[in-house]
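**Q** Compute the structure for the input listed below.
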Amino acid sequence: MTTRIHGGEGPKPVNLKVLAEYLSLSPATVSLVMNNAPGAKSIAPATRQRVLEAAKKLDYRPNPIARSLRTRQTFTIGVIVPEFSEGYFTMLMNVVEEHLLQAGYLQFVVSHQGREDLIDEYPSLLRQRSVDGFVLVNTELNQEVAAPVVSISGHKKIKGTTNLMLDHDRAAHLALKHLYDLGHRRIAFMKGQKQIGDSESRWQGIMAMASRVGLTIHKDLCVYLEQNAWSPELGYPVVRDLLQRTRDFTAIFCFNDISAIGAVRAICDAGLRCPEDISVVGFDDIASATYMCPRLTTVRQPLRRMGETAVQTLLTRIESPQDAYPEVIMFEPELMVRESTCAARHLEMAAETPAMALAAEVSGKVAKTRSTKPLSKK
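**A** Here you go, the predicted structure:
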């Protein structure tokens, strides 16, 4: 490849006016198409395609500074999350980024790791960088900010914020009825960390729905997540410790899929089987839920649809700041029944250890052998 150096200033970049003249269209029409503005939908698809092809041919690139001065927007969004682990957050972030890019927006992403000082400080820092709005993921702000906010899994009512919420009562009903129909009556429950917005709503949903289904919540079978972990380590120690105290339960409803994976590992390490000895139900339906062994029964959150709705709602609010906006958008869960749940074993076997089971099996075989021996004749 030969590189040629031209003298002088060289060819000037193509601007919007030149592109419009080349296409015999108005600069406003070309601008709407190139900026993917809401008004572009009124332009014929063939015309939009012609503009995009000409822009590519002439190497036209919109001037972001001029665009910002014209619209008084920076076309950047602040995204605040607790952390960047695999699973729930990764699925949401992929969707949010995809749809922001399609709309011509960039994002500043920060994680607070559950620290209250960062939750309070990040909105101010991002506003100093002139973001046009915020997407929050499992993060509750403590005060109003001077920009539109859409909060995924948000529950706190704050002026200027649209909360995207799952119907946790329905989610609890789906999971508990499934376990009840399988014959489970002594069920262990896992409550999420205090700093996670969904924890209290999900717990209240479980409490409310248990009595309707006909289940008793036993305090000695409730475990509480406290550590700031976002891997299967989250659920492993609490279930391990629970099994050391008692095995008098046949199922466990975990706070999320990540903790459920840790729970399955703790069950196996205790010499028990999932689901034959203890059934496990997760929450979220992350990508790895269908690939673990056994495949995880879980309550699915429509994470992709929630991410899409978050971006669409935020951009609509940015583009039409005077219009009324929804304070709450509710989503319906779905139960995904897979391999980690099955019919409950007999309750009287619940506290039995593997050694006790083996002894009982051997004893039974001996008794059967003796009973089948013919009586000796005198």
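
**Q** For residue 186, which non-adjacent residue is closest in space?
**A** With sequence-adjacent residues excluded and distances taken as C-beta to C-beta, 6 or more residues apart in numbering, residue 186 is closest to residue 249, at 4.4 Å. The C-beta positions use only the backbone N, C-alpha and C, and glycine is treated the same way.

**Q** give me the element the one you found is part of.
**A** With secondary structure defined by DSSP states H and E, residue 249 is part of neither a helix nor a strand.

**Q** List the contacts of it.
**A** With contact taken as C-beta atoms under 8 Å, 6 or more residues apart in numbering, residue 249 is in contact with 186, 187, 188, 218, 221, 278, 350.

**Q** Now which of those would you call buried?
**A** Buried members of those, scored by 16 or more other C-beta atoms under 10 Å, are 186, 187, 188, 221, 278, 350.

**Q** What score does the first one have for pLDDT?
**A** What that stands for is residue 186. We note a pLDDT of 97 for residue 186 in this prediction.

**Q** Quick check, it in contact with residue 248.
**A** Yes: with contacts defined as C-beta atoms under 8 Å, residue 186 counts as touching residue 248 at a distance of 6.1 Å.

**Q** rewinding a little: the contacts of residue 249 into CSV, with extra columns for distance to residue 160 and secondary structure?
**A** Listed next are the contacts of residue 249 as CSV, based on distance: C-beta to C-beta, whole Å; DSSP: H, G, I helix; E, B strand; the rest coil:
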residue, distance to residue 160, secondary structure
186, 46, coil
187, 40, strand
188, 40, strand
218, 42, coil
221, 41, helix
278, 45, coil
350, 51, coil
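
**Q** mind listing the helices for the stretch 151-300 of the chain?
**A** Using DSSP state H, counting those that start in this stretch, the helices assigned to the stretch 151-300 of the chain run over residues 168-181, 197-213, 236-245, 257-269.

**Q** deepest of those helices, which one?
**A** Each of those was scored by mean neighbour count; the highest is helix 257-269, a mean of 24, by mean count of other C-beta atoms under 10 Å.

**Q** quick one: contacts of that helix?
**A** Applying C-beta under 8 Å, 6+ apart, the set of residues contacting helix 257-269 is 85, 87-88, 190, 225, 230-237, 239-240, 243, 252, 254, 273-274, 277-278, 280-286, 288-289, 292, 294, 296, 298, 340.

**Q** Looking at these, which are in strands?
**A** Secondary structure assignment by DSSP state E places 190, 252, 280, 281, 282, 283, 284, 298 of the contacts of helix 257-269 in strands.

**Q** Return the members of these classed as buried.
**A** When neighbours are counted using 16+ other C-beta under 10 Å, the ones in strands among the contacts of helix 257-269 contain these buried positions: 190, 252, 280, 281, 282, 283, 284, 298.

**Q** Report the contact partners of the second one.
**A** By C-beta under 8 Å, 6+ apart, the contact set of residue 252 is 187, 188, 189, 190, 239, 263, 278, 279, 280, 281.

**Q** quick one: it from residue 184, how far?
**A** The gap separating residue 252 from residue 184 is 10 Å, by C-beta to C-beta, to the nearest Å.

**Q** Run through the stretch 151-300 of the chain and note the low-pLDDT ranges.
**A** In the predicted model of the stretch 151-300 of the chain, no residue satisfies pLDDT under 70.

**Q** okay, now the domains of this protein?
**A** The record assigns the chain these domain ranges, following automatic domain parsing: 16-66, 71-166+304-332, 168-301+335-352.

**Q** of all the contacts of residue 249, which comes closest to residue 117?
**A** Comparing those against residue 117 with C-beta to C-beta places residue 188 closest, at 34.6 Å.
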